[in-house]
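**Student:** Fold the following.
(one chain, ligands or ions: 1)
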Amino acid sequence: MSLLRVENLQVHFPIRSGLGKRDVVKAVDGVSFEIQPGKTLGLVGESGSGKSTVSRALLKLILPTGGKALYQGQDILAMSEAAFRPLRKEMQMVFQDPIGSLNPRMTIESILGEPQEIHFKDRGRAQRRAASAALLKRVGLPEDSLARYPHEFSGGQRQRIGIARALAVQPTFLICDEPVSALDVSVQASILNLLKDLQTEFALTYLFIAHDLAVVRHMSDDIIVMNRGIIVEHGSADDVCERPQHDYTRKLLASIPELG
Ligand SMILES: Nc1ncnc2c1ncn2[C@@H]1O[C@H](COP(=O)(O)OP(=O)(O)OP(=O)(O)O)[C@@H](O)[C@H]1O
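**Tutor:** From the prediction side, this is the model:
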């Protein structure tokens, strides 16, 4: 069974166009896909194609207009917040901007401890601290980072902290939303390889979102290509990159010098 099966997801935002006329932006307009356990589905498209709206809908941060998202067979979109709460632990997010997504006034110990406090209520402070130290080590940061603040780290190190925070609640499914696009090219590969190693070690399933098809290909088993709220192409990573069927995919490929 797929871990996640999305059926005909629709997110239409009401807007007012000229003269106060009501209209809608079809940010996501009938998107369907599935992800098998332990695999990575890449979601690629230019800015504005609807990628972030898909991820926000899957985490129930916005209310979709229609469709289903079956996580282990249960439709999370139809669930109440209370019913969804245990699944929040299962489904974690790695954000694009590791600076903006880490509270500058919290130490790394608090940043990694907070989700544990919420989801592992039986853990005491010492246990949380030990788990956080182990996580830091696993993502390649020194243990003495616990007492430090986010601004004391480089962009790549902050993204390692963001990844450690996502892993702190032992999730099954990670949505990685442009996890390397704010980073220098020189550190991108090390973060991507870390994500790959963690996937194998913890049997994680990924929805990996990026605008850069080369990055997505490196990470993904299958790829979907989105443009203007719809999927224009869907296939194995090799088929999509080597035998693209759609002009939009060819355009994305042509914009990558090493692949185009
Ligand atoms: N709250 C909102 N109200 C109205 N329109 C919105 C809202 N959120 C997103 N949109 C529109 O929906 C479309 C898809 O946006 P989305 O952010 O999902 O794209 P994206 O592919 O993730 O792009 P980016 O990489 O720039 O974030 C865009 O046209 C955007 O302007």
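
**Student:** Tell me the spacing between the spatially closest residue to residue 211 that is not a sequence neighbour and residue 225.
**Tutor:** Here the nearest residue to residue 211 in space, its sequence neighbours aside, is residue 46; by C-beta to C-beta, 6 or more residues apart in numbering that works out to 5.9 Å. Heads up, the C-betas are built off the backbone N, CA and C, glycines and all. Per C-beta to C-beta, to the nearest Å, residue 46 is found 10 Å from residue 225.

**Student:** and for these two, which residues touch both?
**Tutor:** Here residue 46 and residue 225 share the contacting residues residue 252, scored by C-beta atoms under 8 Å, 6 or more residues apart in numbering.

**Student:** near the ligand, which residues of the stretch 151-260 of the chain show up?
**Tutor:** Contact residues (C-beta under 6 Å from any ligand atom) of the stretch 151-260 of the chain with the ligand: residue 211.

**Student:** Let's see that with 8 Å instead.
**Tutor:** 177-178, 209, 211, 226, 229 (C-beta under 8 Å from any ligand atom).

**Student:** quick one: the helices in the chain?
**Tutor:** Under the criterion DSSP state H, the chain contains helices at 51-58, 81-90, 108-119, 125-138, 155-167, 185-202, 213-219, 237-242, 247-254.

**Student:** for the shortest one, packing partners?
**Tutor:** Where contact means 3 or more C-beta pairs under 8 Å, 6 or more residues apart in numbering; DSSP states H and E, helix 237-242 is packed against helix 213-219, strand 222-227.

**Student:** just how off-centre is it within its chain?
**Tutor:** Average the C-alpha atoms of helix 237-242, do the same for its chain, and the two points are 21 Å apart (C-alpha atoms, centre = their mean, to the nearest Å).

**Student:** For that helix, give me every contacting residue.
**Tutor:** With C-beta under 8 Å, 6+ apart, helix 237-242 has contacts from 42, 213, 216-217, 220-223, 225, 233-234, 249, 253, 259.

**Student:** In it, which of the residues would be classed as buried?
**Tutor:** Neighbour-count burial for helix 237-242 flags 237, 240-241 (criterion: 16 or more other C-beta atoms under 10 Å).

**Student:** Among those, which one sits closest to the ligand?
**Tutor:** Nearest to the ligand among these: residue 240, at 17.1 Å, using C-beta to the nearest ligand atom.
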